[in-house]
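Peer 1: Provided below for reference: sequence and predicted model.
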Amino acid sequence: MSFPLLTATAVLPAVGAIATAAVPAARRTAAKWLALLVSLATLALAIVVLVRFDPDGDRYQLTESHAWIKAFGVRYELGVDGIAVALVALTALLIPFIILAGWHDADPLETGSRRWRPTQGFFALILAVEAMVIISFEATDVFVFYIFFEAMLIPMYFLIGGFGDRAHEHGEKAAATQRSYAAVKFLLYNLVGGLIMLAAVIGVYVVAGNFSLQEIAQARADGSLHMATSTERWLFLGFFFAFAVKAPLWPLHTWLPNAMGEATAPVAVLITAVVDKVGTFAMLRFCLQLFPEASKWATPVILVLALISIIYGALLAVGQRDIKRLVAYASISHFGFIIMGIFAMTSQGQSGATLYMVNHGISTAALMLVAGFLISRRGSRLIADYGGVQKVAPVLAGTFLIGGLATLSLPGLAPFVSEFLVLVGTFTRYPAIGIIATFGIVLAALYTLVLYQRTMTGPVKAEVAKMPDLRVRELVVVAPLVVLLIFLGVYPKPVTDIVNPAVRQTMSDVHQTDPKPEVEAAK
Amino acid sequence: MNAENLIALLIAAPLLGAAVLLVGGRRLDAVGHWVGTLLSAASFVIGVILFADLLGKDAEHRTLTQHLFSWIPVEGFQADVAFRLDQLSMTFVLLITGVGSLIHLYSIGYMEHDERRRRFFGYLNLFLAAMLLLVLADNYLLLYVGWEGVGLASYLLIGFWQHKPSAATAAKKAFLVNRVGDMGLSIAIMLMFTTFGTFAFGPLLGTHAEPGLAGGASEGKLTAIALMLLLAACGKSAQVPLQSWLGDAMEGPTPVSALIHAATMVTAGVYLIVRSAAIFNAAPDAQLVVTVVGAVTLLFGAIVGCAKDDIKKALAGSTMSQIGYMVLAAGLGPIGYVFAIMHLVTHGFFKAGLFLGAGSVMHGMNDEVDMRKYGGLRTYMPVTFITFGLGYLAIIGFPGLSGFFSKDKIIEAAFAKGGTEGWILGGAALLGAAITAYYMTRVMLMTFFGEKRWQPDENGNEPHPHESPRVMTIPMIVLAVGSVFGGAIFGIGDRFLHWLEPVTGHSHGDSPVSALTVTLATVVVLVIGGAIAYAQYGRRPVPAVAPRGSLLTRAARRDLLQDDFNHVVLVRGGEHLTRSLVYVDHTLVDGVVNGTAAGFGGLSGRLRRVQNGFARSYAVSMFGGVALLIAATLLMRAV
Amino acid sequence: MNPVNYLYLAALLFTIGATGVLIRRNAIVVFMCIELMLNACNLAFVTFSRMHGNLDGQIIAFFTMVVAAAEVVVGLAIIVSLFRTRHSASVDDASLMKL
């Protein structure tokens, strides 16, 4: 038997989490370094996975399969396709930056505060989330996926509820109240989604007799497993609901601004760039593969909801007064694009959506982490409390601008490629929706530039006059992200090469082909 | 070495400059401006080498392509990083790098006292790279990268003095209005992709010898594509209805206004239309819209230019108007394409020269921009006066100077469109020429003639007008020379026409009026316009405070109320919309969720009361339950 | 004598017991009423045993007695200790699961 590489990518951070938690309370710094090293080792493993993965090979590679609960036909099955491998790599890539950016976020508070801040716990929880997210990307057994899809709520709950910003305009008590509200809201939303999904998971077992994605998809494809139309639709809705909560899709989005607003910036990145990706990924992997006909049936409604997300998220971002909530609403708009690309059912749309997941992870991380550095300097999340930062901290402002430009999908930066692919992919099949979605790019420019203008330009406010520029640790976090944004904007081929074959497979799962160009069709 | 391989170097040189200057940090402060200028000049030299190479080939084979790498390869979708250098892009390359290098040189002097000069040069180099990418791209998507790249550079440079809120606002406005145009471009590309399956120039537009796919689609589709391209052009080239950003863009340093907002970037829309000639030629309805937009803008810009007292804003109005001429010409189809580009090049010379002159005046006047506080400057700044004067003569179309050759051709072409449209468009162009003569004469008289009108400012600093240093005057002199002779070099013997014809095609059309008549009419209207201005501003002293003016003047000062309209409809409306949406999100969407939560909370509160701890009440419920069960059982039996 | 009459008697006793449990507060009386209900059940069991001619009912009656005896032991102990701490034998006083 070969070395279980995929299991290792998840076990390593899990063991790392336990080890980090076990570091004695006094050795705080050691725990941080341990967590960082573990996340880097995981990244190395993910790179090995990436290298070992052959884009032109089988659909699922590096597979592992062991019997687990025989009575229910549950198997511990792992395997990655091009889409999963890209997302595993993204997750492994972002976690070291998240850890490094949150280096001091869980330090004990200064004098006067009694609140206990378990530093070890913070980093252990981050690693735990990483482990669960990675295994969710790798699981090809519906049951295994479900378990980790739900289990990651637990560490996320504690990360949101336990560690907030160091300062709050209404004092520590108000902050604690809002934090726990946000954490509970996050948990309840996702639990409801998960509960409905559980019913659908059981339904799948009842219909198919096992949980194996590959077997069921195979049986669906060759016709040996027949599902009544209504059954398929109900099961699809059960799965989709959970993923739409996690993604989040309008109108199930309201937990995200609260959660991202109250959590520290690195945790906010963890939510939107890593955890939420499981939702959109699962739409591609489970909804489309298990329920191709129902997916097509639901497409019009989902596309309209995605379109509403795009415009609505962007409009609300314009109206925000809080930097982090603004980024959260921008993310809602971006998730709208991702979901639109998935359900447009064209190669361009789905490749674009996958690429979008990767790029959005990087761009949001860049913007949000710099925003976090900014907030930690001034101790306020309100846009109105800033002004003229550009003058005192040009590097910070510059990286913030690049993050912002990536968010508004400036050509030359990575998100442009994916956004344009999604738009083109949607447009070829649904021109009206594609055109309305294009308004999103104007609104994106509006909220980003207004944010930049209000915080970074204008006369220097007295409170920010002494603000230090980025420190070395912070530069180490931001610079690689910026380089990646530019590199993937100019040369996205490495990613598209991995993703394309998987998308081709997905397209054939749903029995769709791209519309032919009009001129060619006429011939 | 093949000439093709040099194309990428054209872009690489300024891009390298931008990267080095922006990442390099303070260490480069001392040499940064020279690095930027040299790399820009290097690009110009490469351009000249390529130009010589093209001239050495025969006219039909002057297209070089360079394929670098596959950019976005996705199933059924192919975008490459590939460049195309033909006569059209060559013209632009020389204009951009040539004028660009001169303005780099000028900026060394102009920005001497700015502590962020290195960064300024970094942005300028970034602009050059993006602009070159725009004109050299071999497909529309890569062109889009350059298109937004110049938008970004423009954003950064307009807002260069970010500490001024007005500059930051103007920069944001420019970017946003441009984004609306960009939306048009991206929809056009999407339409091309669904219609033709490609958006690369080669297969789509074809060549003269073999037409591309563009002719194969239905006219409706082509009209839609063309109109979307026009929307993009309107955004970038400040044409009505997306013109409102250009006036505000004058918040940027003057060299920026000269390079980006006069000579090069704002003409990108004209490039786009001329480049897409194959599409526009097959969509006559769209062409009509293009000409209307051009005609409206050329009058709009001219009227605004008449009323502004800010020298840069007056020139901005003029830029808008002149680009209106180019767009009008481009809309005329093969009759006008060549002249649109020719006017674009000559305009690049004289308008850049005029802006540099204005910058030189401001440099000597403590950055005062109000022309009512100038007056009689010709004796203080002789070089500026002469170069500005030559630019002035060129723009109004004084016979023999460059503007005369190019503008006259456009007016001729407008009449040659034929029919009522021809008369209307030609008439509008003639009227525009008269107004141009009026407002430019006004600028000239208010700035350089009459009595001195400047006063000490609040701090008691009185301006001491002085000539600018050599590093600034040399570019002005070079541009003035170009303004004087450019038209003659291009126009006499139709040299420019023969150079561009293989790319754009050309037809003469038949004009209802003879070329001589048009030329005479042009000269007559320019004399009339100049004379009126002289009567108003030359013979009478200019009041230092602007009179209230007629209704039209007041409207024109406010950019014919477009900003007010935008403010009321878009800004206010948008604010209300977002505010109400925030409210809706909080109360309605979130309210449903919180309401559900509260509902469950309330329900459990009620249910909790049942658990009162009294053993006997539990006993009652037990008995009741048992009784119910028994009753139900019996009932079932009975049924 | 018709065995059904014993069933009527059992039902009567049960009802008296149930009513007592529901309306009396004194723990001792409640306790006695519970015993009354148990014995009513016993009587019913024995009667059924007799009617159907097998011994199952009688055996269950014995079980019930054993359980009832055990219950008396525990129950009385609880009541006595409650009375000692609260000086009251009312069941309503013990509505919280603490003292």
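Peer 2: Cool, the structure landed. Residues are numbered from 1 along each chain as shown, chains lettered A, B, ... in the order given.

Peer 1: Quick check: residues of chain C near chain B?
Peer 2: C:Ala18, C:Val21, C:Leu22, C:Ile23, C:Arg25, C:Val30, C:Val91, C:Asp92, C:Ala94, C:Ser95, C:Leu96, C:Met97 (CB under 8 Å from any CB of the partner chain). (Each C-beta comes from the backbone N, C-alpha and C, glycine too.)

Peer 1: what about 10 Å?
Peer 2: C:18-19, C:21-25, C:27, C:30, C:34, C:91-97 (CB under 10 Å from any CB of the partner chain).

Peer 1: Can you say which of those are buried?
Peer 2: Applying 16 or more other CB atoms under 10 Å in any protein chain shown to these, the neighbour count classes C:Ala18, C:Val21, C:Arg24, C:Ala27, C:Val30, C:Ile34, C:Val91, C:Ala94 as buried.

Peer 1: so, if you compare these, which one comes nearest to B:Val582?
Peer 2: Relative to B:Val582, the closest of those is C:Ala94; by CB to CB it sits at 53.9 Å.

Peer 1: Can you tell me how far that closest one is from chain A?
Peer 2: Separation of C:Ala94 from chain A (CB to the nearest CB, to the nearest Å): 35 Å.

Peer 1: Which neighbouring elements make contact with the longest helix along chain A?
Peer 2: Longest helix in chain A, counting residues (DSSP state H): helix A:171-208. Judged by 3 or more CB pairs under 10 Å, 6 or more residues apart in numbering or on different chains; DSSP states H and E, helix A:171-208 is in contact with helix A:142-151, helix A:153-162, helix A:213-221, helix A:229-246, helix A:255-262, helix A:276-282, helix A:288-290, helix B:590-610.

Peer 1: what packs against the fourth one?
Peer 2: Packed against helix A:229-246 by the contact rule (3+ CB pairs under 10 Å, 6+ apart) you find helix A:142-151, helix A:171-208, helix A:255-262, helix A:276-282, helix A:288-290, helix A:292-318, helix A:323-343.

Peer 1: 7 Å - rerun?
Peer 2: Packing partners of helix A:229-246 (3 or more CB pairs under 7 Å, 6 or more residues apart in numbering or on different chains; DSSP states H and E): helix A:171-208, helix A:276-282, helix A:292-318.

Peer 1: same deal with the third one?
Peer 2: If contacts are counted by 3+ CB pairs under 7 Å, 6+ apart, helix A:213-221 sits against helix A:288-290.

Peer 1: try the fifth one
Peer 2: Packed against helix A:255-262, as judged by 3+ CB pairs under 7 Å, 6+ apart, are the following elements: helix A:171-208, helix A:323-343.

Peer 1: mean pLDDT lowest for which of these?
Peer 2: When these are compared by mean pLDDT, helix A:171-208 comes last with a mean of 87.

Peer 1: Any figure for the gap between the residue nearest to A:Ala502 when sequence neighbours are not counted and B:Leu213?
Peer 2: In this structure, A:Ala502 finds its nearest non-sequential neighbour in A:Gly82, 3.4 Å apart by CB to CB, 6 or more residues apart in numbering or on different chains. To B:Leu213, A:Gly82 is 32 Å away according to CB to CB, to the nearest Å.

Peer 1: of these two, who's got more company?
Peer 2: A:Gly82 (28 against 20; other CB atoms under 10 Å in any protein chain shown).

Peer 1: related to what we said a few turns ago, output the helices and strands packed on helix A:171-208 as CSV; include the columns mean neighbour count and mean pLDDT.
Peer 2: CSV is the format used below for these (neighbours: other CB atoms under 10 Å in any protein chain shown; pLDDT from 0 to 100):
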stretch, mean neighbour count, mean pLDDT
helix A:142-151, 22, 92
helix A:153-162, 22, 90
helix A:213-221, 18, 83
helix A:229-246, 21, 91
helix A:255-262, 27, 90
helix A:276-282, 25, 92
helix A:288-290, 23, 87
helix B:590-610, 11, 85
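
Peer 1: Reformat the ones you listed as JSON lines; add distance to A:Glu64.
Peer 2: Formatted as JSON lines, the helices and strands packed on helix A:171-208 follow (distance: least, CB to CB, whole Å):
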{"stretch": "helix A:142-151", "distance to A:Glu64": "11"}
{"stretch": "helix A:153-162", "distance to A:Glu64": "24"}
{"stretch": "helix A:213-221", "distance to A:Glu64": "13"}
{"stretch": "helix A:229-246", "distance to A:Glu64": "24"}
{"stretch": "helix A:255-262", "distance to A:Glu64": "33"}
{"stretch": "helix A:276-282", "distance to A:Glu64": "19"}
{"stretch": "helix A:288-290", "distance to A:Glu64": "19"}
{"stretch": "helix B:590-610", "distance to A:Glu64": "40"}
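
Peer 1: Of all those, which one comes closest to A:Val370?
Peer 2: Nearest to A:Val370, of these and by CB to CB, is helix A:255-262 at 14.8 Å.

Peer 1: Let me know the closest of the buried ones among the residues of chain C next to chain B to chain A.
Peer 2: Minimum distance to chain A across these is 35.2 Å, recorded for C:Ala94 (CB to the nearest CB).
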